[in-house]
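1. This is the structure alone, sequence omitted:
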């Protein structure tokens, strides 16, 4: 069983910063891509940022220059540093990981965290 546990959400004023963390635990062989997605009330879940096992990153246009995704492969953890936050960044943020387990070989399985609320006040 693979679990992704997020932390770091909260309430912040516009212009402030937050850092989200997501740690993977359980029985697995490796983790390929990891990423962050978000879902605002009444909207579909959308990609925020992704990072490959080699460190290549991809960002939604709306967060480029403000958010930074990183990962610590030794800790099986992905981070999202969010700066210059705006009210429109308010959403539940979900961690995602492509995890290779014995059962999923040779492919990876798609896992999601439970979500963490980020609220930006104006």
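-> Yes, it's here. Bear in mind the structure is a predicted one, so any value in this text is a computation, not a measurement. Numbering: from 1, shown residues only.

2. Please make it C-alpha for all contacts and neighbour counts, starting now.
-> OK.

3. Tell me which stretches of the protein form strands.
-> With strands called from DSSP state E, the chain shows them at 2-7, 10-13, 18-26, 30-39, 46-51, 57-59, 67-72, 77-82, 91-100, 109-112, 116-121.

4. what would these look like in JSON lines with mean neighbour count and mean pLDDT?
-> What follows is these, written out as JSON lines (neighbours: other CA atoms under 10 Å; pLDDT from 0 to 100):
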{"stretch": "strand 2-7", "mean neighbour count": "18", "mean pLDDT": "96"}
{"stretch": "strand 10-13", "mean neighbour count": "15", "mean pLDDT": "98"}
{"stretch": "strand 18-26", "mean neighbour count": "19", "mean pLDDT": "97"}
{"stretch": "strand 30-39", "mean neighbour count": "21", "mean pLDDT": "97"}
{"stretch": "strand 46-51", "mean neighbour count": "20", "mean pLDDT": "98"}
{"stretch": "strand 57-59", "mean neighbour count": "17", "mean pLDDT": "98"}
{"stretch": "strand 67-72", "mean neighbour count": "19", "mean pLDDT": "98"}
{"stretch": "strand 77-82", "mean neighbour count": "21", "mean pLDDT": "98"}
{"stretch": "strand 91-100", "mean neighbour count": "23", "mean pLDDT": "97"}
{"stretch": "strand 109-112", "mean neighbour count": "16", "mean pLDDT": "95"}
{"stretch": "strand 116-121", "mean neighbour count": "20", "mean pLDDT": "98"}
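
5. who's in contact with the residue most central in space within the chain?
-> A centroid search over the chain (CA atoms, centre = their mean) returns residue 36, at 2.6 Å, as the residue closest to the centre. Contacts for residue 36 (CA atoms under 8 Å, 6 or more residues apart in numbering) come out as 47-50, 80, 93-96.

6. Over to residue 89?
-> 118-120.

7. Check residue 83 too.
-> Counted by CA under 8 Å, 6+ apart, residue 83 has contacts 15-18, 66-67.

8. okay, the residues you listed in TSV with distance to residue 89 next?
-> What follows is these, written out as TSV (distance: CA to CA, whole Å):
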residue	distance to residue 89
15	11
16	11
17	11
18	11
66	11
67	11
